[in-house]
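Engineer: no sequence for this one, just the structure:
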């Protein structure tokens, strides 16, 4: 695509304003921690938005100029406007926008609609180690990453998980308590690309980890639309070849073939 990749980082921004432990780790919000890193990339143009901004941070002009949406949410999934979800879903399906969903954003309205799932699965907060094993060495999303990413403390999400099988499984997590989780899932939905990346509980400094940030940066380039949004033909259309018999026009009238 020509020019910079325009990224909007959307954050629920609830915990950072209400829980001292989270505010200490992310004083300006998870969205700012991500933006501070991504703004160093010369090919990326970064904007941030939160649930508490006017229009929930996603007015039409922001949606229309976003190439990649990065989404973090947890407790306020249902407060996101259905009208906004409709617009974002349409742009992703049409190939005009890519999306990255982080951690508990697997429960967001938009992710569940794209995936056709209800979300949810095993979880545990026990201050345990997570090791994310790279299953697709050489994939663009793991460029610059070694065999695994190790996080000293994270929240556990475990299998079986109500997340659909990905087109490509990039990471598999192992947790100190014994569970595993599909943690880096790449999907195509319609003409758009989607990446789900599991780590990122708000009570841990995961979004300062250089490897986690590098994966998000790589994923932003991978999900970004490569070309201008393609036109999609819908509605009643004429046949490309001559058909014997009859067809119906856009009003349901029967038209005999000649």
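Structural biologist: Arrived safely, thanks for sending. Everything numeric here is computed off the predicted structure, so don't read it as measured data.

Engineer: give the buried residues for the helix or strand containing residue 214.
Structural biologist: Assigned by DSSP states H and E, residue 214 belongs to helix 210-223. By 16 or more other CB atoms under 10 Å, the buried positions in helix 210-223 come out as 211-223. For every residue, glycine as well, the C-beta is placed using N, CA and C.

Engineer: same deal with stretch 105-123?
Structural biologist: For stretch 105-123, by 16+ other CB under 10 Å, it's 105-115, 119.

Engineer: between the two ends of it, how far is it?
Structural biologist: 14 Å (CA to CA, to the nearest Å).

Engineer: show residues contacting it.
Structural biologist: Stretch 105-123 has contacts (CB atoms under 8 Å, 6 or more residues apart in numbering) with 71-74, 77-78, 80, 82, 85, 88-89, 92, 99, 101, 155-164, 179, 187, 189, 194, 196, 198.

Engineer: quick one: which of the buried residues of stretch 105-123 is nearest residue 252?
Structural biologist: Of all those, residue 113 has the smallest distance to residue 252: 30.4 Å, by CB to CB.

Engineer: and the gap between the closest one and residue 107?
Structural biologist: 12 Å (CB to CB, to the nearest Å).

Engineer: cool, residue 12 as well?
Structural biologist: Counting by CB to CB - residue 12 and residue 107 are separated by 11 Å.

Engineer: and for residue 121?
Structural biologist: Look at residue 121 and residue 107: by CB to CB, they are 10 Å apart.

Engineer: if we can go back for a sec, make CSV out of the buried residues of helix 210-223 and add distance to residue 235 and pLDDT.
Structural biologist: Formatted as CSV, these follow (distance: CB to CB, whole Å; pLDDT from 0 to 100):
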residue, distance to residue 235, pLDDT
211, 47, 98
212, 44, 99
213, 44, 98
214, 44, 98
215, 41, 99
216, 39, 98
217, 40, 98
218, 38, 98
219, 35, 98
220, 34, 98
221, 35, 98
222, 33, 98
223, 29, 98
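
Engineer: from the residues you listed, which two are the most distant?
Structural biologist: 211 and 223 (18.6 Å).

Engineer: please pull out the lowest mean pLDDT helix or strand from this protein.
Structural biologist: Least confident helix or strand of the chain, by mean pLDDT, DSSP states H and E, is strand 246-248 with a mean of 68.

Engineer: leaving out chain neighbours, which residue sits closest to residue 248?
Structural biologist: Spatial nearest neighbour of residue 248, chain neighbours left out: residue 254 (5.8 Å); criterion: CB to CB, 6 or more residues apart in numbering.

Engineer: contacting residues around the most centrally placed residue in the chain?
Structural biologist: The residue lying closest to the centre of the chain (CA atoms, centre = their mean) is residue 100, at 2.3 Å. Contacts for residue 100 (CB under 8 Å, 6+ apart) come out as 68-71, 194-197, 216, 219-220, 223.

Engineer: nearest to residue 130, of the buried residues of helix 210-223?
Structural biologist: So of the buried residues of helix 210-223, ranked by how close each gets to residue 130 (CB to CB), first place is residue 212, at 10.5 Å.

Engineer: and the gap between that closest one and residue 137?
Structural biologist: From residue 212 to residue 137 the distance is 18 Å (CB to CB).

Engineer: for the residue nearest to the centre of the chain, give its distance to residue 248.
Structural biologist: Plainly put, residue 100 is 43 Å away from residue 248 if you go by CB to CB.

Engineer: then residue 39?
Structural biologist: Using CB to CB, residue 39 is found at 54 Å from residue 248.

Engineer: please apply the same query to residue 159.
Structural biologist: According to CB to CB, residue 159 and residue 248 sit 48 Å apart.

Engineer: pick out whichever of the two has more residues nearby.
Structural biologist: Ranked by neighbour count (other CB atoms under 10 Å), residue 159 and residue 248 place residue 159 first, with 13 against 10.
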